[in-house]
Structure formats: structure tokens, C-alpha cells
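In: need a 3D model of the sequence below.
(one chain, ligands or ions: 1)
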Amino acid sequence: MINDGHLIWEQTVHVLHGTLEKSVFETWIHLTNAHSFDGHHLTIRVPSPMALDHINKFLLDTIHEALAVVTQLPITLSFILEEPNTNRIQQRKDYRDHPFEEEFTNQTPFNPKYTFDTFVIGERNRLAHAASIAVAERPAQNYNPFFLYGGVGLGKTHLMHAVGQHALRMNTNAKVVYISCETFVNEFVTALQTRTIDDFRNKYRRADILLIDDIQFIAGKESTQEEFFHTFNTLHNDHKQIVITSDRPPKDIERLEDRLRSRFSGGLIIDIKPPEFETRVAILRKKAKAEGFQIDNEALNLIATKVETNVRELEGALIRVIAYSSMMNRDIDLYLVEEALTDILPPDAKRPLTVMDVQRVVCTHFHIQLEDMLSRGRQREISYPRQLAMYLTRTLTDLSLPKIGREFGGRDHTTVLHACDKITTDLKADPKLQQTLHVLRDQLMATSHSG
Ligand SMILES: Nc1ncnc2c1ncn2[C@@H]1O[C@H](COP(=O)(O)OP(=O)(O)OP(=O)(O)O)[C@@H](O)[C@H]1O
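Out: Residues are numbered from 1 along each chain as shown. The predicted structure follows:
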């Protein structure tokens, strides 16, 4: 189970990397590690008493929020001091997504997970992948610039890091510069303010391969566009490779100078589209395997049906399923995936489920009256469907335990809690109950879609 803990914390750190100030992240979070996880409580090791103190005083809320984004489960957290001889630098090197924004250096500038080996090829990214390999192996020969565009979370940054790492493997002396456009803009402004524009120019205009991510960020920034235009020309004239990513094609980037637009369009432009079903399943399988989890095909297929357009979200869904399975101490099967991902509704979902929907569907299934379900009656023919309906309401809606209690004939929240625990326990050993639940859930999903 510690494996799950590592995975959950790794993703949480990933979220924190995007939300915290860079210096805060680097100082307090970067060197933390998962220590133990029991399905409900995650213990994190921190490297120094100062970090322990700072995290507990100032960062707890932010960290809990990030954890909730990752798992959406009530997992609790605590921090402990790391034992002195742990090799923590070794353990935490992957979380730095975009670390390579300093001087030219060939020391692991990229996310080691973003390589061609870990990239799953499918119909809709095959060309992007092939062009990326060609550029990495023969920089500035055929496709220059190489402009890669596509929607959020589809693997553009992954491919760009793969190009950089592969190019460095082919030629360890190559000066490969990776930069997000946002950082380029910020560095340019700082260079102007601190009169270090020559250093800035040397850094970018002496690259053998310049990889610039999310170029759409340059829109409307006139002086940066001017600067980038000259950077681009210098590199291009010197036969150096330029790789650009964007969320849209050059023609659709607003407030972009025409001369840049035409430069961007002068090489190879390729788009990357959301992966089709088979590729989504293959991505999930690869990711699960890489993290040390064996998940059967049916469960992977179900996750892949639920998340269609964004690989980052697809990976997030997988993490949530794994975390949920740890927490409930149950194997990952169709039922568990359904429960863990209940709030991911297909795009055409019309309205959220109500407690009435659940009660109606369960009563019909068990041939009982609604008034019996809401009554005080304790006969098993009534009490068991009632407990099942409470469990379904709890897992399929946002209602709190007290609110559910009120909706079921004014019962106490501990009764609801007991019902949920009972069904959770029964589910583990009762395939028939699993089947029943599956049928009921399908009907409820159909209910919410039909609006
Ligand atoms: N074909 C793929 N195979 C394996 N992993 C993938 C693939 N496509 C995307 N991913 C994974 O999905 C996640 C999001 O990808 P990435 O960050 O490259 O997206 P992006 O297109 O740059 O998105 P954004 O526009 O938000 O910057 C990463 O973890 C990446 O490794």
C-alpha cells in the first residue's frame, strides 16, 4: 500500500508544483516523500525540522487542497522528520516539471518520465510522435520550425521533453534549451530591468535546439514578440532547430505579429488530437504498470470510457481509482471504478441525481413501496433495500450523512453511516450484491442522462 501512497503524494506534489510559488515549492515541498499510507492516512517525510515547522504552520491548507484535487477522498495527512541517512535527492527528481530554465547544461534538464519510450502511440498522435523523433534525430534538417499544437493535456510537453532528452542522447554536447513561453516573457522583462539583455540573448541565440512551450502566451506582448522574432531569425539562419508548442495553430493565435505568424508556419505544423478509446486504454495500462499496479482490462476500459478528451485527466482518474481502492481496501473492479469516478459524468449528462431518483429505482427493483422505505419498518425485505439506497445516495450524490438521514424518514446520520459500512463490507464477499448494485447504478445513470 505504500506504493499507492507514493503515487498519491507524487501527484499531489505535481499539483503543488503548479500552484505554489516556485521558491516555496523548491524550498519546502520538493524534497518531501511518502513514508506510509494505510488507506486513510498518509504520512509524509520532510527533510528538516525547519521544513516540518514551515509546512505545519503555513502550507497545510494548500497541501490538503492539492490532495483533495488528486483523490477527492477524505484522506488525512501528517508530516514526520526524515531519518538522516535517506538518500532523498535520489528519490525526488521527477517532480520538477520544467526545471531547465537556467544556463546551458546537459544535466537531466527534463522530466525523466517524458520520453519517447513512455509515450503511447495511437492514430491521433502518430504523426506528432514521428515528426518529434525525426527532429530529435536530425535537428534542423527537414522540419524547422516544428510547430506542434493541440488541446490541453494531450502530450505536447511530453513530446517536447522527449525531443530534448533524445537529442541529448544522440549528441551529448548539444545545447538544448527548453523554456515555457511564460518564463521567456518574464526573463525578458527582468533582463530589460536589470540591463542583462546580452546575457539573455546569449542564452537563447546560442542554442542548438530551442524548445519553447505554449507560445500562445506571447499574444499581445509586443516587445517580447520583437525579441523572439530576432531570436528565431538568428537560430534559423544558423541552421539551429526550433520546436514550438501551442494550444492552437499559428493562424488562430490572436494579437500575433504577421511576421511571426508566417515564420511559425514556415516549417512543419502538426496537430495532436484527443486519443481514441484503444489508445486511452493503452495509456492507462502503461501508466498503471509503471506505477506497479496490475489492473484488469475491464476496469481500464471503463475508466477510458469515462474520460475522453484529456490525457492528464485520464491519468488523474486512474490515480483516484487506485486511491479509492486503498481506502476501501477493495480490489479494483468495475464496481469500484464506478464508485470512485461517480462524479465524472459523460459530457451529455443533463442533471445531477437526486435522492428521490435513488429511492424510486431501488423501490422498483425490490418491489417495495416508497412509504415502506421511509418507514420505521425493520423487516429485512425493507431494511436491506433501504440500506442499499442510502449507500447509493451516499456514493452517487453530494448529500451529507445528516441530510441523507433526513431524506430517509428522519433518521440519524449514524444510521446512514452504519448502512454504508454494512454495504461496503457485504460488497467484498457478495458477487450477487455487486451485480445488483451494478444494475441499479446503470439505471440511475440512465435516469440522470434522460434529464
Ligand atoms: N500518448 C501519451 N502517452 C503517454 N502519456 C501521455 C500521452 N499523452 C499525454 N500523456 C501524459 O498526459 C499528461 C499531460 O501531457 P502534457 O503535459 O504533455 O500535455 P500538454 O499537451 O502539454 O498540455 P498543456 O496544454 O496543458 O500544457 C502527462 O503526464 C503526459 O505524460
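In: with adjacent residues omitted, what lies nearest to F264?
Out: Spatially, and ignoring its direct neighbours in sequence, F264 is nearest to P250 (4.0 Å; Cβ to Cβ, 6 or more residues apart in numbering). Quick note: C-beta positions are derived from backbone N, CA and C, even for glycine.
In: and the one you found, how many neighbours?
Out: Neighbourhood size, P250 [other Cβ atoms under 10 Å]: 21.
In: I44 falls within a strand, correct?
Out: Yes. Assessed with DSSP: H, G, I helix; E, B strand; the rest coil, I44 lies in a strand.
In: contacts only, for the residue nearest to F264.
Out: With contacts taken as Cβ atoms under 8 Å, 6 or more residues apart in numbering, P250 has the following neighbours: 147, 256, 261, 264-265, 269.
In: quick one: buried ones out of the residues you listed?
Out: Buried members of the contacts of P250, scored by 16 or more other Cβ atoms under 10 Å, are 147, 256, 264, 269.
In: filter these to keep only those in contact with the ligand.
Out: Counting by Cβ under 6 Å from any ligand atom, nothing from those sits close to the ligand.
In: among those, which one lies nearest to the ligand?
Out: Comparing these against the ligand with Cβ to the nearest ligand atom picks out F147 as the nearest, at 13.6 Å.
In: tally of neighbours for whichever residue of the stretch 351-451 of the chain sits closest to the ligand?
Out: Per Cβ to the nearest ligand atom, M445 is where the stretch 351-451 of the chain lies closest to the ligand, at 26.7 Å. As a burial measure, M445 scores 17 neighbours (other Cβ under 10 Å).
In: just W9 next, same as before
Out: When neighbours are defined as other Cβ under 10 Å, W9 has 25 of them.
In: repeat for R360
Out: Based on other Cβ under 10 Å, the number of other residues close to R360 is 17.
In: one more: E123?
Out: The tally of other residues near E123 (other Cβ under 10 Å) stands at 11.
In: which of the three states applies to it?
Out: Three-state assignment for E123 (three-state DSSP): coil.
In: could you tell me how far it is located from the ligand?
Out: Plainly put, E123 is 11 Å away from the ligand if you go by Cβ to the nearest ligand atom, to the nearest Å.
In: quick check on that residue: phi, psi?
Out: phi -60, psi -40 (degrees, to the nearest 10).
In: now it, nearest residue through space, not along the chain?
Out: Excluding the flanking residues, the one nearest E123 by Cβ to Cβ, 6+ apart is E276, at 5.9 Å.
In: same question, I269
Out: Take I269 and drop its neighbours on the chain: the residue closest to it by Cβ to Cβ, 6+ apart is F147, 4.5 Å away.
In: mind listing what's buried in stretch 141-159?
Out: 143-150, 153-159.
In: separation between I295 and the ligand?
Out: Counting by Cβ to the nearest ligand atom, the gap from I295 to the ligand is 16 Å.
In: can I assume that residue sits in a strand?
Out: No. Applying three-state DSSP, one finds I295 to be coil, outside a strand.
In: quick one: contacts for it?
Out: Counting by Cβ under 8 Å, 6+ apart, I295 has contacts 284-285, 288, 321, 332.
In: try it again at 10 Å.
Out: Applying Cβ atoms under 10 Å, 6 or more residues apart in numbering to I295 gives the contacts 284-285, 287-289, 303, 318, 321-322, 325, 331-333, 337.
In: please apply the same query to P431.
Out: Per Cβ under 10 Å, 6+ apart, neighbours of P431: Y335.
In: does Q141 really touch H239, like I thought?
Out: Yes. Look at Q141 against H239 with Cβ atoms under 10 Å: they come within range, at 8.6 Å.
In: would you reformat the buried ones among the contacts of P250 as TSV and include secondary structure and pLDDT?
Out: Converted to TSV, the buried ones among the contacts of P250 look like this (DSSP: H, G, I helix; E, B strand; the rest coil; pLDDT from 0 to 100):
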residue	secondary structure	pLDDT
F147	strand	98
L256	coil	96
F264	helix	97
I269	strand	97
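In: what's the most distant pair in the residues you listed?
Out: Using Cβ to Cβ, the pair of the buried ones among the contacts of P250 lying farthest apart is L256 and I269, separated by 14.2 Å.
In: how many other residues sit next to T279?
Out: By other Cβ under 10 Å, the burial measure for T279, its neighbour count, is 19.
In: ignore what I typed, I meant Q435.
Out: For Q435, the neighbour count with other Cβ under 10 Å is 11.
In: SS state for it?
Out: Secondary structure, three-state DSSP: Q435 is helix.
In: with the one 3 residues further on instead?
Out: With three-state DSSP as the basis, the three-state label of H438 is helix.
In: where's the residue nearest to it when sequence neighbours are not counted, which helix or strand?
Out: Once flanking residues are discounted, H438 sits nearest to Y335: 6.1 Å by Cβ to Cβ, 6+ apart. Assigned by DSSP states H and E, Y335 belongs to helix 334-340.
In: which residue does the stretch 201-350 of the chain bring closest to the ligand?
Out: V311 (3.5 Å).
In: tell me the pLDDT of that residue.
Out: V311 is assigned 94 on the pLDDT scale.
In: quick check, it in contact with H158.
Out: Yes. Taking contacts as Cβ under 10 Å, V311 lies within contact range of H158: 8.4 Å.
In: overlap of the contact sets of those two?
Out: Residues touching both V311 and H158 by Cβ under 10 Å, 6+ apart: 125, 272.
In: is any residue of stretch 217-225 near the ligand?
Out: No. Using Cβ under 6 Å from any ligand atom, we find that stretch 217-225 stays clear of the ligand, coming within 10.6 Å at best.
In: ends of that stretch, how far apart?
Out: Start-to-end span of stretch 217-225 (Cα to Cα, to the nearest Å) is 10 Å.
In: now this structure against the ligand: closest residue?
Out: Of all residues in the chain, the one sitting closest to the ligand is G155 (2.8 Å; Cβ to the nearest ligand atom).
In: in contact with S326: list those residues for me.
Out: S326 is in contact with 1, 3-5, 7-8, 37-40, 42, 71, 73, 75, 332, counting by Cβ under 10 Å, 6+ apart.
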